[in-house]
Every structure is written in C-alpha cells, then in structure tokens.
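1. show me the folded form of this:
(one chain, ligands or ions: 1)
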Amino acid sequence: MKDYGNNFNLSHIESSSHIYGPGKRFVVWFQGCSLACDGCWNQEMWSFKEKSLLSKEKLLALILDASEIQGVTFLGGEPLHQAENLWWLMRQIRKKSNLTIFLFTGYEQCELERFRYLSNIHELCDMVAIGRYLVGNRNINQQWIGSDNQVIVYPDNSREIAKSESINQVEIIIEDNESIRILGFPDEFLVNDIKGTSS
Ligand code: SF4
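-> Residues are numbered from 1 along each chain as shown. Sure thing, here's the model as predicted:
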C-alpha cells in the first residue's frame, strides 16, 4: 500500500449519480485494491500507481459544493487502503453537512475488526456494504451489492433507513458531445440496445 500524503489517489468521480445508494449522490472511486477478487469488474482500479491525486481539502470542497445531493458514496478500488485520509474526510462531511455516507469495502467483518476500523465506521458511516465480490455468488438483481455473500449494515450512528431492493439499476449518461457512458452492470441485451440506438 502506498502513502499519498495529504492526497487521495482516485480513479473516478461522479458528482451526481442515483445508483450507488439512496437518492442522488456524489460518488468517489478510489484507485488501488490488493484484495484481488476473482471476477472483479474494476480491475483497472487495482494498481496503486498514482492515477488522479486530489488533496483531501479539495475533495471535501467538491463534495460540499455539489448541488442537491443526499449523500456521498465511496467505493473502488478499496477505500480503506486510504483509511486515515478517508476518516478525516468523513468527519469533515459529518461536521459541515447533513450528507449521508455510504462506504463500500471488500473487507470482511472480521477483518474490519482485526484492523480496528469498526469504531470509525460506527462513528462516521451511515451505510456500509461489506465483503469480497465472489463471482460464484454473483447477483445482478440486488441493488448496491454484486454477490449474495455481501451484506449492507447500518452502523451505530446511521441516519439512513433505505433498504436494498431486488432490482438491477444502471445509469446511462449522455455527455455534451453525445457520447454515452453506462454506470452499473447492465445485462448484454441492454448494452446491445444502447449500441443500436447510438450507431
Ligand atoms: S474489493 Fe472490490 S475492487 Fe477490490 S478486487 Fe474486490 S471487487 Fe475488485
């Protein structure tokens, strides 16, 4: 694991998304993951090489400036590989806004305990999706998780009550230059439909 000082090493940011937690959210994909789940859909986010370095103060400002969002979602990559800066960011978000915080981690509950992450999780997070992605348990029809072994927990200080539903959500973003981006995990029929529409 690398130390990026006062910075986060990020893969990607969406300032407005509806499929990574309740309501409209600011979503941050961290760069770097050592957990190497078989079948991981985000393998380009495994490398710890600097991809997009952003100071923690700058990321905080971007989040607080985002308009009409309900919360912030952190995923990756593995956000907890950059835990110290992440706890700082979450603490500032809680102090300066009412935004809810949804953390996705590939660590299992016992690992969160072993690495002493649980007290910060209970203090700072509203929802946490916990566990490795297991390709044999893949489930594309459950909101927010990718495989049946993963669980969503509501820590002690949670202000969130929304529950995961049995649906598959994808988000289609049409850019100003009319290029199309898809977020989430669409089935092949939808991908083919979109390719047909855009050709
Ligand atoms: S924890 Fe997430 S990013 Fe890391 S390998 Fe597993 S599925 Fe991929």
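
2. tell me where the protein has strands.
-> Shown for the chain, the strands assigned by DSSP state E span residues 7-17, 25-30, 52-55, 71-75, 100-105, 127-130, 151-153, 170-174, 180-184.

3. what strands line up against the last one, and which way round?
-> The one in question is strand 180-184. Using DSSP bridges, strand 180-184 pairs in its sheet with strand 170-174 (antiparallel).

4. try the fifth one
-> Note on strand 100-105: by DSSP bridges, its sheet partners are strand 71-75 (parallel), strand 127-130 (parallel).

5. can you put those strands in CSV and add mean pLDDT, mean neighbour count and distance to S17?
-> Any C-beta I mention is one placed from the backbone N, CA and C, and that applies to glycine too. Conversion of these to CSV gives the following (pLDDT from 0 to 100; neighbours: other Cβ atoms under 10 Å; distance: least, Cβ to Cβ, whole Å):
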stretch, mean pLDDT, mean neighbour count, distance to S17
strand 71-75, 98, 25, 8
strand 127-130, 98, 23, 15
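
6. show me what contacts the most centrally placed residue in the chain?
-> For the chain, the residue sitting closest to the mean C-alpha position, by Cα atoms, centre = their mean, is L75 at 2.4 Å. Applying Cβ atoms under 8 Å, 6 or more residues apart in numbering, we find L75 in contact with 20, 27-30, 103-104.

7. looking at the residues you listed, which one is closest to the ligand?
-> Nearest to the ligand among the contacts of L75 is F104, at 7.4 Å by Cβ to the nearest ligand atom.

8. is it true that that closest one touches A129?
-> Yes: counting by Cβ atoms under 8 Å, A129 is a contact partner of F104 at 4.5 Å.

9. measure S34 to W46 for me?
-> As for S34, its distance to W46 is 8 Å (criterion: Cβ to Cβ, to the nearest Å).

10. want to try JSON lines for the contacts of L75, with neighbour count, pLDDT and distance to the ligand as columns?
-> Conversion of those to JSON lines gives the following (neighbours: other Cβ atoms under 10 Å; pLDDT from 0 to 100; distance: Cβ to the nearest ligand atom, whole Å):
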{"residue": "Y20", "neighbour count": "25", "pLDDT": "95", "distance to the ligand": "13"}
{"residue": "V27", "neighbour count": "24", "pLDDT": "98", "distance to the ligand": "14"}
{"residue": "V28", "neighbour count": "26", "pLDDT": "98", "distance to the ligand": "13"}
{"residue": "W29", "neighbour count": "21", "pLDDT": "97", "distance to the ligand": "9"}
{"residue": "F30", "neighbour count": "24", "pLDDT": "98", "distance to the ligand": "9"}
{"residue": "L103", "neighbour count": "25", "pLDDT": "98", "distance to the ligand": "12"}
{"residue": "F104", "neighbour count": "27", "pLDDT": "98", "distance to the ligand": "7"}
